[in-house]
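J.: Dropping the sequence and predicted coords here.
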Amino acid sequence: MARFTLSPASATTANVILSIFVLFNNLLWPLFVHAVVDDPSSIIILPPHSGSNRHTMFLPLFPSTINSSRASSISGDGKSRRQLQKSDYHRPNARMPLHDDLLQNGYYTTRLWVGSPPQKFALIVDTGSTVTYVPCSTCEQCGKHQDPKFDPDSSSTYKPVKCNTDCTCDKTKKQCIYERQYAEMSSSSGVLGEDVISFGNQSELSPQRATFGCENLETGDLYSQHADGIMGLGRGDLSLIDQLVDRGVISDSFSLCYGGMDIGGGAMVLGGISPPSGMTYAYSDPVRSPYYNVELKELHVAGKRLPISPSVFDGKHGTVLDSGTTYAYLPEAAFHAFKDAILKELHSFKKIRGPDPSYNDICFSGAGSDVTKLSETFPSVDMVFGKGHKLSLSPENYLFRHSRVRGAYCLGVFQNGKDPTTLLGGIIVRNTFVMYDREHAKIGFWKTNCSELWSSLHDSGVPPSSPDSNLSPNESVSSAPIGTPYHIAPGSKVGSIIFYMSLNIRYSKLEPHIKELTQLIAMELNVNSSQVYLLDFIPEANGSLTIWSITPPKPAEYMSKEIASNIIARIAEDEIHLPKIFGKHRISNWYIDSDPNRRQTHIRYKPVDSAMPEQELQPL
């Protein structure tokens with residue numbers, strides 16, 4: 001399980017043997033984790049830091065077997081094959097807001113309800129964990145957390161997981177138990193139970209029965225943290241994702257989106273959604289590692305490739321993407337190359353000591369407090385995956401604010417001791433929509449403003465569909481397209497028309513001309529400028545991807561099919577002509593939104609680097 005730790009690791013951490021027994025569905029899962037640093041079979045990732053405000057990463061190793069219900073989607077070479085007998089998008093999903101802040105709290109949480117009547121809990125979302133657990137009312141040693149403990153006796157639907165020959169049982173031989181121990185010497189243990197779990201009133205997914213841990217003992221940081229417990233999103237039979245997939249209620253996919261620098265909150269989706277346009281994919285081999293890994297091949301700083309072999313990123317557990325770790329940790333060779341490249345680009349800045357004298361942080365002063373200007377002073381960083389797919393990182397993806405010096409920033413990328421594993425923590429995916437498409441063995445990345453994505457998911461259901469599917473939002477990927485680009489299917493209602501337009505001009509130059517561009521689009525499409533809205537903006541390598549909505553002239557009314565067909569024809573044939581100031585443009589996709597109320601949603605885009613006050617998204 002991936003965990004944040006807020007206290008220094010014990011000196012005996014390197015010698016402790018951690019054991020975890022997870023038993024479920026007639027399977028015995030013995031997890032023996034040897035925390036010996038010089039043991040080549042060690043699976044503990046211990047960053048070189050220790051102290052009060054650094055986070056130690058612990059990854060438990062468990063057998064990575066492919067469930068029989070999904071075995072047909074994986075070929076002998078470990079690569080995914082789409083299953084034609086079903087569609088990811090026929091099934092409901094759970095859309096849930098995230099709360100808290102990556103650096104202030106050390107984690108993000110979501111709200112989950114357990115039992116009948118439902119009892120609410122704030123759980124840390126963790127892709128490196130398999131068990132979901134909450135404090136139990138019978139807990140003899142549990143800290144004071146955000147919500148009251150779970151009371152099994154108050155739930156009419158609670159059932160204990162009874163002791164059997166294939167599980168570790170309690171002393172009375174009546175109930176199955178679980179145990180978790182972590183490298184920083186915190187621990188969680190309790191009994192396994194089954195009850196109804198609810199995902200909130202914004203979720204399409206109805207309440208489901210699931211197995212979870214009911215804590216009877218917790219120590220260390222688990223005892224002192226504000227959050228109630230853990231929501232396990234990793235691979236394994238006890239994982240909440242695996243349970244929902246095995247029941248056939250969601251497709252084998254989930255997504256996370258973390259807020260940016262100085263921003264709390266974000267969004268999470270359990271289940272599949274139509275992928276946004278412009279998403280960057282990386283292959284994630286379920287056989288290579290029990291964790292969510294990606295094929296990282298190269299790192300670029302300021303457009304220059306670091307002089308290191310791709311094999312550096314494939315050591316031990318490879319490149320692991322983990323939502324439960326704050327920072328990024330690179331193998332020694334990669335870290336030194338990255339650090340040297342950054343220092344070379346920032347030679348004019350003054351190096352200063354970090355906020356905590358216990359660490360040898362690399363920090364710079366003089367950059368200013370306006371995070372919207374960071375990309376003007378700090379170099380670009382690119383991660384290149386297999387097949388050359390590139391993810392561009394903003395400065396907020398590798399920097400954190402100096403807590404004592406105004407306008408100063410520190411590297412949020414560290415050396416992973418002598419461990420050859422590459423660990424990409426939450427800082428790397430700030431303001432990035434990350435889709436864990438487990439069925440097709442890939443992970444997608446899409447730069448966006450995560451604090452506003454919740455509004456988009458809440459109001460419109462799913463992000464805009466990908467460029468190769470001109471579908472109504474209510475149609476699945478396997479449904480027939482609308483027909484000719486100008487034809488509205490019988491019975492369809494047009495609440496608004498959404499289209500994508502790429503411009504080879506960056507947002508900093510485009511922003512002052514948004515009003516002018518809006519008026520030009522309205523004129524070219526023969527509509528009023530009050531009907532044209534800029535929904536979102538996504539930075540691209542050579543410019544910008546803008547997303548626009550054309551709405552009916554009057555609120556709460558549908559657009560006539562004749563008018564809609566004319567607008568669609570102009571969009572489909574790209575009859576939008578713009579002055580040279582906007583450079584070249586290309587329309588890549590369009591689709592119809594059938595809900596007239598959704599057209600009222602005008603998402604005023606703030607660039608990824610823009611400063612926004614810390615906030616918690618609207619609770620369910």
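T.: That came through fine. Residues are numbered from 1 along each chain as shown.

J.: Give the helix, strand or coil label for Q243.
T.: Of the three states, Q243 takes helix under DSSP: H, G, I helix; E, B strand; the rest coil.

J.: Just want the most central residue of this protein.
T.: Central residue of the chain (Cα atoms, centre = their mean): L256, 2.5 Å from the mean position.

J.: Pairing partners for it in the sheet, please.
T.: Note on L256: beta-bridge partners by DSSP bridges are M268, V434.

J.: where does it sit relative to V249, distance-wise?
T.: According to Cβ to Cβ, to the nearest Å, L256 and V249 sit 19 Å apart. No exception for glycine: its C-beta is placed from N, CA and C like everyone else's.

J.: repeat for V429
T.: Counting by Cβ to Cβ - V429 and V249 are separated by 26 Å.

J.: out of the two, which sits in the more crowded spot?
T.: Between V429 and V249, V429 has the larger neighbour count (other Cβ atoms under 10 Å), namely 24 against 17.

J.: and the more buried one, what pLDDT?
T.: Looking at V429, its pLDDT stands at 94.

J.: cool, and the one 4 residues further on?
T.: F433 is assigned 94 on the pLDDT scale.

J.: Could you do I587 as well?
T.: On the pLDDT scale, I587 is placed at 85.

J.: pretty sure it is in a strand, no?
T.: Yes - counting by three-state DSSP, I587 is found in a strand.

J.: my guess is it meets R570, correct?
T.: No - counting by Cβ atoms under 8 Å, I587 does not reach R570; the two are 9.7 Å apart.

J.: contacting residues for T280?
T.: 385, 389-391, 444-446 (Cβ atoms under 8 Å, 6 or more residues apart in numbering).

J.: Show me which positions of the longest helix seen in the chain end up buried.
T.: The single longest helix within the chain, with elements called by DSSP state H, is helix 332-345. Neighbour-count burial for helix 332-345, counted by 16 or more other Cβ atoms under 10 Å, picks out 333-335, 337-339, 341-342, 345.

J.: Which pLDDT value belongs to the residue nearest to the centre of the chain?
T.: Value listed for L256 in the pLDDT field: 95.

J.: Likewise for D221?
T.: The predicted local confidence for D221 is 86.

J.: repeat for the one 5 residues further on
T.: At H226 the predicted local distance difference test score is 92.

J.: Now for the nearest residue to C169 once chain neighbours are set aside, how many residues are close by?
T.: Closest residue to C169 apart from its sequence neighbours, by Cβ to Cβ, 6 or more residues apart in numbering: C163 at 3.8 Å. The burial count assigned to C163 is 18, neighbours taken as other Cβ under 10 Å.

J.: pLDDT added to the contacts of T280, as a markdown table?
T.: Listed next are the contacts of T280 as a markdown table, based on pLDDT from 0 to 100:
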| residue | pLDDT |
| --- | --- |
| F385 | 96 |
| H389 | 93 |
| K390 | 95 |
| L391 | 95 |
| G444 | 96 |
| F445 | 96 |
| W446 | 93 |
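
J.: Among these, name the buried ones.
T.: For the contacts of T280, buried by 16+ other Cβ under 10 Å: 385, 389, 391, 444-446.

J.: For H402, state which of the residues you listed is nearest.
T.: H402 has its nearest neighbour among these in L391, at 25.9 Å by Cβ to Cβ.

J.: D382 is in contact with the closest one, correct?
T.: Yes - contact criterion Cβ under 8 Å: L391 and D382 qualify, at 6.9 Å.

J.: how would you label T518: helix, strand or coil?
T.: helix.

J.: Report pLDDT for it.
T.: For T518, the model assigns a pLDDT of 92.

J.: Apart from its chain neighbours, what residue comes closest to it?
T.: Nearest one to T518, counting by Cβ to Cβ, 6+ apart, is V532 at 5.0 Å.

J.: residue contacts, the one you found?
T.: Residues near V532 by Cβ under 8 Å, 6+ apart: 518-519, 521-522, 525, 548-550.

J.: Show the model's pLDDT score for it.
T.: Confidence score, pLDDT, at V532: 91.

J.: cool, the one 4 residues further on as well?
T.: The model reports D536 with a pLDDT of 75.

J.: same deal with S472?
T.: 32.

J.: Got phi/psi on Y223?
T.: The phi/psi pair for Y223 (degrees, to the nearest 10) reads phi -70, psi -40.

J.: one step back: out of the contacts of T280, which is nearest to K159?
T.: K159 lies nearest to G444 out of the contacts of T280, by Cβ to Cβ, at 37.3 Å.

J.: Surely that closest one forms part of a strand?
T.: Yes - counting by three-state DSSP, G444 falls inside a strand.

J.: hang on, it packs against V434?
T.: Yes - G444 is within contact range of V434, at 7.1 Å (criterion: Cβ under 8 Å).

J.: how many neighbours does G303 have?
T.: Neighbour tally, G303, other Cβ under 10 Å: 9.

J.: out of the contacts of T280, who's nearest I263?
T.: Nearest member of the contacts of T280 to I263, counting by Cβ to Cβ, is W446, at 17.2 Å.

J.: ok, the residue nearest to the centre of the chain to S508 distance?
T.: L256 is 28 Å from S508, by Cβ to Cβ.

J.: Could you do S274 as well?
T.: In terms of Cβ to Cβ, S274 sits 30 Å off from S508.

J.: And for N201?
T.: Separation of N201 from S508 (Cβ to Cβ) stands at 39 Å.

J.: neighbour-wise, which of those two wins?
T.: Neighbour count, other Cβ under 10 Å: between N201 and S508, S508 has more, with 14 against 7.

J.: List the buried residues for the helix or strand harbouring that one?
T.: Remark: S508 resides in helix 507-510, with elements defined by DSSP states H and E. For helix 507-510, the neighbour count (16+ other Cβ under 10 Å) marks 507, 510 as buried.

J.: elements contacting it?
T.: In terms of contacts (3 or more Cβ pairs under 8 Å, 6 or more residues apart in numbering; DSSP states H and E), helix 507-510 is packed against strand 532-540, strand 543-550.

J.: Give me the neighbour count for the closest residue to Y223 other than its chain neighbours.
T.: With Cβ to Cβ, 6+ apart as the criterion, Y223 has its nearest non-adjacent residue at 4.0 Å, and that residue is G143. The tally of other residues near G143 (other Cβ under 10 Å) stands at 16.

J.: helix/strand/coil for S451?
T.: Applying three-state DSSP: S451 is helix.

J.: where along this protein do the helices fall?
T.: 221-224, 240-246, 332-345, 374-377, 450-460, 507-510, 514-525, 561-572.

J.: Quick one: mean pLDDT for the last one?
T.: Confidence over helix 561-572 (mean pLDDT, whole number) is 86.

J.: mind listing what's buried in it?
T.: Neighbour counts using 16+ other Cβ under 10 Å place 561, 563-565, 567-568, 570-571 of helix 561-572 among the buried residues.
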